[in-house]
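S.K.: would you be able to build a 3D model of this:
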Amino acid sequence: MRQETVRSEITVIGGGLAGVCAAIAAARLGQSVSLVQNRPVLGGNSSSEVRVWVCGAAGHGINRYARETGIMGELFVENQYRNIDGNPYIWDMVVLEAVRAEPNITLYLNTDVHEVEAEGGEHDRTIRSVTGWMMGSERRITFESSVYLDCTGDGLVGFLAGAKYRIGREAREEFGEDWAPLVPDDITLGSTLLFYTKDAGRPVKFVPPSFAKDITKTSIPERRVIRSGDNGCAYWWIEWGGEMDTVHDNERIRDELWSVIYGIWDYIKNSGKFEADNMTLEWVGSIPGKREYRRFVGDYVLNQNDVLAQRPFEDRVAYGGWSIDLHPPQGVYSTEHGSKHLHTDGIYHIPFRSLYSANVDNMLMAGRDISATHVAFGTTRVMATCAVIGEAAGTGAALCAQKGITPRELYASHLAELQQTLLRQDASVIGLRNADRSDLALLASVSASSTLTRLAVEQPVCTASLQTDIALLLPVDRTLAGLELLVDASADTELIAEVWDTGRAENYVPHAKQSSVSAGVRQGDKQWVKLDIAWTADTAQNAFVIIKANDALSIHAADRGQSGVLGFRRSNRPIIVHRDEPDRPQPAQPTVEWSMREFERKLPCFRLLSPTSALAPSKATDGYVRPYGGPHMWSSEPMQAGRSEWLELSWEKTVTVGSVHLTFNDDVNEDLINLHHHTTPFEAIPELVRDYRLEAYANGEWSVIAERKNNHKRKQVHHLDAPLAADRLRVVVEATNGSPCAEIIEVRVY
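M.R.: Residues are numbered from 1 along each chain as shown. Sure thing, here's the model as predicted:
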């Protein structure tokens with residue numbers, strides 16, 4: 001046996017997306033990181049071994065402007081560029097390459113950590129080392145660090161270190177959680193196996209194994225949707241083990257799930273109810289995708305009420321937006337629906353105090369084992385949310401290692417530095433703005449070659465009926481005055497609209513009605529109808545304009561969108577929550593009631609009659625790096641052939657430029673996916689700047705200091721070979737990836 005000792009500032013155990021993002025975040029801040037993964041690939045449940053698609057705050061398009069930025073955002077955008085078809089092996093490559101790109105990370109695959117050396121009492125423990133066995137290499141490796149991150153999902157490292165933890169469901173009265181059971185228990189969410197199918201182009205028979213389940217003797221055919229062409233995550237409901245120990249009974253759970261998969265496939269192939277003669281199994285998973293096990297106790301336990309209230313914690317460092325999504329403990333054999341969902345009005349916040357152990361002073365956690373109740377865990381558990389939690393925990397770990405302090409001390413004395421570091425790295429801390437005193441861009445005056453001040457979409461390609469309400473979300477700097485809509489009228493009638501605010505700046509649903517207006521419409525087609533809307537807001541925010549249902553009217557729609565504007569249709573279907581107690585009142589869920597699906601990259605034709613400054617040059621240095629009560633970016637007018645557009649920063653006195661951070665618009669309203677849930681037709685986000693150059697004005701002349709062609713990334717950082725004294729700086733946009741306008745979210749200068 002080969003014995004080794006590895007010393008690094010930080011050890012991250014677990015190579016799922018939480019661990020990957022934690023390791024990359026810490027490494028980019030200059031810390032040496034050992035990333036230890038017990039499988040041959042990275043990505044955890046998203047890897048080619050398990051193949052769960054990566055869900056996050058966007059909730060498959062239910063939440064608006066919610067897709068993650070930071071490291072998870074980089075992975076999404078890069079995978080879209082390289083892997084538009086959702087090949088799971090290329091996703092493995094994208095994740096692996098992101099880790100290998102960081103020189104401060106040393107990666108240990110196939111290394112199973114199962115020993116922990118810790119010291120101290122029950123309430124004050126410290127991890128001294130962890131030890132793992134590298135399978136296939138016969139290497140026993142001990143990792144020594146000042147800070148450890150448990151990103152194992154199951155929480156094995158923290159458990160062995162003596163960290164406080166919980167398993168199962170809390171009683172309703174403990175945290176006042178409406179969705180918690182009356183009595184606590186040890187029930188968890190179960191595990192899932194997935195499978196892929198393909199059309200072989202010829203008849204293929206299937207002889208089921210002896211252990212295949214006869215699903216006709218179960219509730220599965222009646223309670224679940226089975227289709228011959230579906231595969232992979234369409235069968236997320238092949239879940240079992242919630243009433244068992246999902247770790248210690250892992251093998252039994254896997255065998256049961258295998259019996260269900262082969263039973264379902266036997267039913268599809270041999271029941272005669274499906275057109276499946278040419279279909280064959282391409283892949284069947286062998287590693288159960290676990291949903292839940294240990295949840296560590298931190299200095300704060302996130303709960304259902306925090307999520308629903310969207311509580312703006314002072315120490316917020318990450319966010320989520322997936323619904324509270326709980327599954328019946330009987331899994332696939334349950335007679336209930338496979339899941340029940342409770343949606344917030346927008347994204348919610350996650351505090352740093354939930355990311356470090358209450359009693360192990362040098363351990364942080366990220367992923368599904370953070371400090372949360374079972375109910376709150378129902379939303380934090382999805383992988384893109386785990387990933388942004390990982391980036392926050394990894395950033396915190398790096399600052400702890402750098403300063404020689406504990407995470408609790410970091411929270412108490414250096415919270416602002418932690419949050420500002422996250423913002424500088426393009427991680428989203430919703431509602432906080434750049435306050436970095438070393439950012440020279442905050443001292444600059446900003447101008448541009450042109451600015452989009454007229455918001456309008458005027459070229460119709462189809463019509464949308466007004467059988468139900470339709471809505472427009474419009475940015476309002478202070479005043480909204482006048483709106484025109486392009487309509488058809490089958491008879492003389494009246495067009496009625498209401499103006500609502502959205503309440504919170506991070507929400508995109510109607511909150512409080514501000515005014516109502518109407519206009520007469522004569523019978524006829526393609527009429528621009530003016531609505532004399534007049535609303536003066538207290539602060540810059542979004543207006544949610546509802547166009548009321550009218551069977552005599554249709555609205556024309558375009559096949560393109562407009563940055564900063566969204567379109568919605570109100571659903572007339574009842575919202576089913578699938579509660580355990582169906583007679584209790586159901587909460588309103590406006591994010592589900594108002595759907596964007598009909599208007600994805602499309603909008604009702606409209607003209608905003610008052611000019612807007614929502615896309616002014618100064619928005620690129622206003623401190624916000626994603627929509628928050630407005631788009632918070634500069635947009636040029638539509639670019640003309642052969643003409644560049646530019647954004648310029650100027651200072652009264654010469655400044656020394658060493659590096660420039662550029663953040664381009666990657667439309668965080670676009671719901672990207674790593675595998676096959678849905679396809680997005682473009683490789684590069686159209687709004688992203690493609691070709692650009694950086695110019696500096698020094699000694700009376702402009703000079704090019706950096707340039708890039710074929711960009712498809714949201715953030716680019718240009719480090720100059722030598723510091724440069726300049727009093728003006730320009731980002732010159734030569735082309736985009738498809739958008740008519742040049743759009744820049746943020747410029748930082750150091």
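S.K.: now stretch 590-603: buried residues?
M.R.: For stretch 590-603, a neighbour-count test (16 or more other CB atoms under 10 Å) marks Pro590, Thr591, Val592, Glu593, Trp594, Ser595, Met596, Phe599, Arg601, Lys602, Leu603 as buried. (Glycine included, C-beta is placed from N, CA and C.)
S.K.: which one of those residues is nearest Ala684?
M.R.: Closest approach to Ala684 among the buried residues of stretch 590-603 (CB to CB): Arg601, at 14.3 Å.
S.K.: list the contacts for the residue nearest to that closest one when sequence neighbours are not counted?
M.R.: With CB to CB, 6 or more residues apart in numbering as the criterion, Arg601 has its nearest non-adjacent residue at 4.9 Å, and that residue is Gly561. Gly561 makes contact with Val457, Phe599, Arg601, Lys602, Leu603, according to CB atoms under 8 Å, 6 or more residues apart in numbering.
S.K.: any chance of these in TSV, with distance to Trp91 too?
M.R.: Formatted as TSV, those follow (distance: CB to CB, whole Å):
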residue	distance to Trp91
Val457	35
Phe599	29
Arg601	24
Lys602	29
Leu603	32
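S.K.: would you reformat those residues as CSV and include pLDDT, secondary structure and distance to Leu662?
M.R.: Formatted as CSV, the contacts of Gly561 follow (pLDDT from 0 to 100; DSSP: H, G, I helix; E, B strand; the rest coil; distance: CB to CB, whole Å):
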residue, pLDDT, secondary structure, distance to Leu662
Val457, 97, strand, 28
Phe599, 96, helix, 30
Arg601, 94, coil, 24
Lys602, 96, coil, 29
Leu603, 97, strand, 28
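S.K.: closest one to Pro181 out of the residues you listed, please.
M.R.: Phe599 (39.6 Å).
S.K.: sorry, back to before: put together a markdown table for the buried residues of stretch 590-603, with distance to Arg39 on each row.
M.R.: Below are those laid out as a markdown table (distance: CB to CB, whole Å):
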| residue | distance to Arg39 |
| --- | --- |
| Pro590 | 41 |
| Thr591 | 35 |
| Val592 | 36 |
| Glu593 | 41 |
| Trp594 | 41 |
| Ser595 | 38 |
| Met596 | 37 |
| Phe599 | 41 |
| Arg601 | 37 |
| Lys602 | 42 |
| Leu603 | 44 |
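S.K.: which residues in the chain form helices?
M.R.: With DSSP state H as the criterion, the chain has helices at 17-28, 70-82, 88-100, 156-161, 172-175, 220-223, 250-270, 304-309, 374-380, 383-403, 407-413, 415-424, 590-593.
S.K.: ok, the buried residues of stretch 590-603 vs Arg381, which is closest?
M.R.: Nearest to Arg381 among the buried residues of stretch 590-603: Thr591, at 18.9 Å, using CB to CB.
S.K.: give me the longest strand you can find in the protein.
M.R.: strand 715-736 (DSSP state E).
S.K.: in stretch 706-721, what's buried?
M.R.: Quick answer for stretch 706-721 (16+ other CB under 10 Å): Ala706, Arg708, Asn711, His712, Lys713, Arg714, Lys715, Gln716.
S.K.: so the first one sits right up against Ser659, yeah?
M.R.: No. In terms of CB atoms under 8 Å, Ala706 does not count as a neighbour of Ser659; the distance is 9.9 Å.
S.K.: give me the common contacts of these two.
M.R.: By CB under 8 Å, 6+ apart, the residues touching both Ala706 and Ser659 are His718, Leu720.
S.K.: Val732 touches Glu648, doesn't it?
M.R.: No. Using CB under 8 Å, Val732 makes no contact with Glu648, being 9.3 Å away.
S.K.: how about the helices of the chain, which one is nearest Thr493?
M.R.: Of all the helices of the chain, helix 590-593 comes closest under CB to CB, at 24.9 Å.
S.K.: circling back: sheet-wise, list the partners of the longest strand of the chain with their directions.
M.R.: For strand 715-736, the paired strands and their directions (DSSP bridges) read strand 645-664 (antiparallel), strand 689-698 (antiparallel).
S.K.: show the pLDDT at the residue nearest to Leu473 when sequence neighbours are not counted.
M.R.: Excluding its sequence neighbours, the residue lying closest to Leu473 (CB to CB, 6+ apart) is Leu566, at 4.1 Å. For Leu566, the model assigns a pLDDT of 98.
S.K.: surely Leu566 meets Met596?
M.R.: Yes. Assessed by CB under 8 Å, Leu566 is found in contact with Met596 at 6.3 Å.
S.K.: about what we covered before: give me the distance between the longest strand of the chain and the centre of its chain.
M.R.: Relative to its chain's centre, strand 715-736 lies at 29 Å (CA atoms, centre = their mean, to the nearest Å).
S.K.: what angle sits between that strand and helix 415-424?
M.R.: Per axes from the mean of the first three to the mean of the last three CA atoms, to 10 degrees, the angle that strand 715-736 makes with helix 415-424 is 30 degrees.
S.K.: ok and strand 715-736 relative to helix 70-82, angle-wise?
M.R.: Using the same axes, to 10 degrees: strand 715-736 against helix 70-82 is 40 degrees.
S.K.: and strand 715-736, what's its mean pLDDT?
M.R.: 97.
S.K.: again with stretch 351-368
M.R.: The pLDDT scores in stretch 351-368 average 98.
S.K.: in it, what's buried?
M.R.: Buried positions in stretch 351-368, judged by neighbour count with 16+ other CB under 10 Å: 351-368.
S.K.: again, but for stretch 516-536
M.R.: By 16+ other CB under 10 Å, the buried positions in stretch 516-536 come out as Val517, Ala519, Val521, Gln527, Val529, Leu531, Ile533, Trp535.
S.K.: these two touch, right, His60 and Asp671?
M.R.: Yes. Counting by CB under 8 Å, His60 touches Asp671, with 6.0 Å between them.
S.K.: compare these two (neighbour count), which wins?
M.R.: Using other CB atoms under 10 Å as the criterion, His60 and Asp671 rank with Asp671 on top: 21 against 14.
S.K.: show the pLDDT at that one.
M.R.: Confidence at Asp671, expressed as pLDDT, is 95.
S.K.: shared neighbours, His60 and Asp671?
M.R.: His678.
S.K.: burial measure for the residue nearest to Leu35 when sequence neighbours are not counted, as a count.
M.R.: Spatial nearest neighbour of Leu35, chain neighbours left out: Ala23 (4.2 Å); criterion: CB to CB, 6+ apart. Close neighbours of Ala23, defined as other CB under 10 Å, add up to 36.
S.K.: tell me who's in contact with Ala23.
M.R.: Taking CB under 8 Å, 6+ apart, one finds Ile10, Val12, Val33, Leu35, Val99, Glu102, Ile105, Gly394 in contact with Ala23.
S.K.: if we go to 7 Å?
M.R.: Val12, Val33, Leu35, Val99, Ile105, Gly394 (CB atoms under 7 Å, 6 or more residues apart in numbering).
S.K.: cool, and Glu239?
M.R.: Glu239 touches Gly190, Ser191, Thr192, His327, Gly331, Val332, counting by CB under 7 Å, 6+ apart.
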